[in-house]
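> Give me coordinates for this.
(2 chains)
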Amino acid sequence: MIEIVDVVKRYGHTYAIGGINLKIDKGSFVGLIGPNGSGKTTLLKLVFGYERPSSGYIHINGESPSTMTNSFIAYYPEVESLYSGMKVSQLLGWYSEFFLDWDKEKEKKLIQFFDLPLQKYIYQLSKGFRTRLKLILTLARNAKLFLLDEPLSGIDPTSRDRIVSAVLNEYREDRTFILATHIVSEAETLFDRTIFLLDGNIVIDGESDDLRSKYGKSIDAIFKEELNA
Amino acid sequence: MRNLLKKELWSEKNWLIGLSCYVLAVNLLFLPLAKHTDGTFAILALVFTLPAFPLLVLIKSFLLYKNEWDMNTGLLLFSLPVRRYKIVLAKLGAITAEVFLYTFLALLIPYIILNWYSKGLYGAEIPTLIKLWLLGSLGTFILIPFPTFAYIFSRAFVRFRGWIMTISLIVILIIFFKYIAFGKAIFGFLPPVSFNFIICGEINSVTASTETLAATFLFDLLLLWGSSYFLEKAEM
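Below you'll find the model as predicted:
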């Protein structure tokens, strides 16, 4: 599904990604874990095509990331990215029209699940609701690959549980998920593979169960102790 | 494409309302002068609404893109499975609509007021008004691709984007002025458009160089192609 070969991303003299090789199979749920500034967002942006590698290459289903691969990849950005002057219903209606894999039924269910006020303007929504809306824009699609960048960050614990269960509901064997987070405890049950990033490099990579057995502790504990996070 | 344009027009809604209110306010401010049929009202109303507008359009032409980066909304826009030249065209479409609508209002409102008071004696005829409108709008429209290209081109660089944008805008203008004589020669077969209108009791004549307009359109097309190319490469 995803092939990342010798990928380096440099901004001037600063290395954000320092030479990553990675293969991710179809149907896996990968946790991309690392402290702030470890390169998680950059790696996801490279996979989606928001950014281009300084060297190396990325293939998704044999294609380089481009506007055309956007048709089967859904990206959840960590930062605010919504048009605040639009109403929730308006944004959903506008955005959904671009995607053949948009699932109207799923959209309705997610709106109910997240209790989203459709008639409000986006600038009137709290951060929690804006996060939920971004999540609906991502999860209402039947995409082949989901890239979720810190969907749990800055969210109260109750909302985190809702988000984790919403993501879990969407997981299928024909869909691949990569979830980047530094809040590991709530999300680690989702991961069947965990990749630890530090300073733009992969420091630990393995099946989550194998890592738990090897280190004799949870993924969250490995993250905190081994990465001093 | 239609959907992209819809979003851009929606985003410009408040600007359009604000600009329309401004035109109305200027005309109301000078309304008492409309009773004196010497044309002072028309001159003041037009001077306060039209000459600065192209400058506003120049600024808007790159702000439409800059805001996508500054507000991070580009993450949503560039996540769409559409080629980015369509985004360039949609934004161009929205700002063009704004130009044509604003110019229309800026000419129409004083025209109505003037004709109300002077019974058409000091105002322009409808076909003349349409010509003035088209000419004014097209004259402003042809400027849009210049800052658009300069800003998108600057996004190809990590640092000094403000400087790169300014320098590239200057370079484009230099190239444009060097090109225009050659461009005019290509379209030399086009006849100029002339028309008269009465203002302050005097007949004024306007001649539009269609060859200059056509040559600029050709240059604009190249800039739009370049903008699409660099936007396709731009990182978010």
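
> Please make it C-alpha for all contacts and neighbour counts, starting now.
Will do.

> In the chain, where is pLDDT below threshold?
Chain wasn't specified; assuming chain A. Within chain A, the ranges that satisfy pLDDT under 70 run A:228-229.

> think we crossed wires, I meant chain B
Looking at chain B by pLDDT under 70, you get B:37-38, B:118-124, B:197-202.

> what residues does it put near chain A?
B:3, B:7, B:11, B:71-76, B:78-84, B:158, B:234-236 (C-alpha under 8 Å from any C-alpha of the partner chain).

> among the residues you listed, which ones are buried?
Burial by neighbour count, judged by 16 or more other C-alpha atoms under 10 Å in any protein chain shown, picks out B:7, B:11, B:72-76, B:78-84, B:234-236 from those.

> Distance of whatever residue of chain B ends up closest to chain A relative to A:Ile183?
Per C-alpha to the nearest C-alpha, B:Thr73 is where chain B lies closest to chain A, at 4.2 Å. Distance of B:Thr73 to A:Ile183, given as C-alpha to C-alpha, to the nearest Å: 25 Å.

> Describe which strands the helix or strand harbouring A:Gly206 pairs with in its sheet and in which direction.
Using DSSP states H and E, A:Gly206 sits within strand A:201-207. Paired neighbours of strand A:201-207 in the sheet (DSSP bridges): strand A:193-198 (antiparallel).

> Can you give the contact residues for the partner strand?
Residues from elsewhere that reach strand A:193-198 (C-alpha atoms under 8 Å, 6 or more residues apart in numbering or on different chains): A:28-35, A:38-40, A:202-208, A:223, A:227.

> Show me which of those are buried.
Buried, going by 16+ other C-alpha under 10 Å: A:28-35, A:38-40, A:202, A:204-205, A:208, A:223, A:227, out of those.

> now, which of the residues you listed lie within helices?
A:40, A:208, A:223 (DSSP state H).

> Let's have those in CSV, adding distance to chain B.
Shown next, in CSV, are these (distance: C-alpha to the nearest C-alpha, whole Å):
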residue, distance to chain B
A:Lys40, 15
A:Ser208, 30
A:Phe223, 29
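
> Would you format those residues as a markdown table with distance to A:Arg162 included?
Formatted as a markdown table, these follow (distance: C-alpha to C-alpha, whole Å):
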| residue | distance to A:Arg162 |
| --- | --- |
| A:Lys40 | 23 |
| A:Ser208 | 22 |
| A:Phe223 | 23 |
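
> Pick the one among those residues closest to B:Gly39.
For those, the residue nearest B:Gly39 by C-alpha to C-alpha is A:Lys40; the value is 65.7 Å.

> Give the burial count for the closest residue to the closest one other than its chain neighbours, as a bare number.
Sequence neighbours aside, A:Ala180 is the residue nearest to A:Lys40 in space, at 6.1 Å (criterion: C-alpha to C-alpha, 6 or more residues apart in numbering or on different chains). Look at A:Ala180: counted by other C-alpha atoms under 10 Å in any protein chain shown, it has 29 neighbours.

> Which residues does A:Ala180 form beta bridges with?
Beta-bridge partners, per DSSP bridges, of A:Ala180: A:Leu32, A:Asp149.

> for residue 79, what are its contacts?
Let's take chain A. B:Asn72.

> could you do chain B instead?
B:Ser79 neighbours (C-alpha under 8 Å, 6+ apart): A:67, A:70, A:74-75.

> Dump those residues into JSON lines; add secondary structure and distance to chain B as well.
Formatted as JSON lines, those follow (DSSP: H, G, I helix; E, B strand; the rest coil; distance: C-alpha to the nearest C-alpha, whole Å):
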{"residue": "A:Thr67", "secondary structure": "coil", "distance to chain B": "5"}
{"residue": "A:Asn70", "secondary structure": "helix", "distance to chain B": "5"}
{"residue": "A:Ala74", "secondary structure": "strand", "distance to chain B": "8"}
{"residue": "A:Tyr75", "secondary structure": "strand", "distance to chain B": "7"}
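
> Generate CSV for the residues you listed, with neighbour count and distance to A:Ile2 as supplementary columns.
Supplementary listing: these in CSV, determined by neighbours: other C-alpha atoms under 10 Å in any protein chain shown; distance: C-alpha to C-alpha, whole Å:
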residue, neighbour count, distance to A:Ile2
A:Thr67, 19, 16
A:Asn70, 20, 14
A:Ala74, 25, 14
A:Tyr75, 26, 15
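
> Quick one: name the residues of chain A near chain B.
Going by C-alpha under 8 Å from any C-alpha, the residues of chain A near chain B are A:11-12, A:50-52, A:67-71, A:74-75, A:77, A:79-83, A:85, A:94, A:97-99.

> Could you turn the buried ones of the residues you listed into a ChimeraX selection?
The following ChimeraX line selects those of those that are buried, judged by 16+ other C-alpha under 10 Å:
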select /A:50,51,52,67,68,69,70,71,74,75,77,79,80,81,82,83,85,98,99
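
> coming back round to it: between the contacts of B:Ser79, which is closest to B:Phe177?
Using C-alpha to C-alpha, those come closest to B:Phe177 at A:Thr67, 35.5 Å.

> longest single helix anywhere in chain B?
Chain B, longest helix under DSSP H: helix B:84-118.

> That one - contacts with which helices or strands?
helix B:2-11, helix B:13-29, helix B:40-47, helix B:53-70, helix B:126-141, helix B:210-233 (3 or more C-alpha pairs under 8 Å, 6 or more residues apart in numbering or on different chains; DSSP states H and E).

> now the spatially most central residue of chain A: how far from chain B?
The geometric centre of chain A, computed from its C-alpha atoms, lies nearest to A:Leu148 (C-alpha atoms, centre = their mean), at 1.2 Å. Remark: distance between A:Leu148 and chain B (C-alpha to the nearest C-alpha, to the nearest Å) = 13 Å.

> show me the contacts for that residue.
Going by C-alpha under 8 Å, 6+ apart, the list of residues near A:Leu148 reads A:75-78, A:177-180.

> Give me the contact list for stretch B:204-217.
B:135, B:139, B:142, B:180, B:183-198.

> my bad, should have said stretch A:42-51
Taking C-alpha under 8 Å, 6+ apart as the rule, stretch A:42-51 contacts A:16-17, A:52-53, A:58, A:60, A:65-67, A:69-70, A:73, A:75, A:147, A:149, B:75, B:78, B:234-236.

> Filter the residues you listed down to the ones in helices?
B:Leu75.

> give me the residue from chain A nearest chain B.
For chain A, C-alpha to the nearest C-alpha, closest residue to chain B: A:Ser81, 4.2 Å.

> Chain neighbours aside, what residue packs nearest to that residue?
B:Thr73 (4.2 Å).

> angle of the strand or helix carrying B:Phe177 against helix B:53-70?
B:Phe177 belongs to helix B:161-186 when elements are defined using DSSP H and E. Angle, helix B:161-186 to helix B:53-70, by axes from the mean of the first three to the mean of the last three C-alpha atoms, to 10 degrees: 130 degrees.

> Compute the inter-axis angle for helix B:161-186 and helix B:210-233.
140 degrees.

> now for helix B:161-186, which elements pack on it?
Helix B:161-186 packs on helix B:145-154, helix B:210-233, going by 3+ C-alpha pairs under 8 Å, 6+ apart.

> between the ones you listed, which one is nearest to A:Lys109?
helix B:210-233 (34.8 Å).
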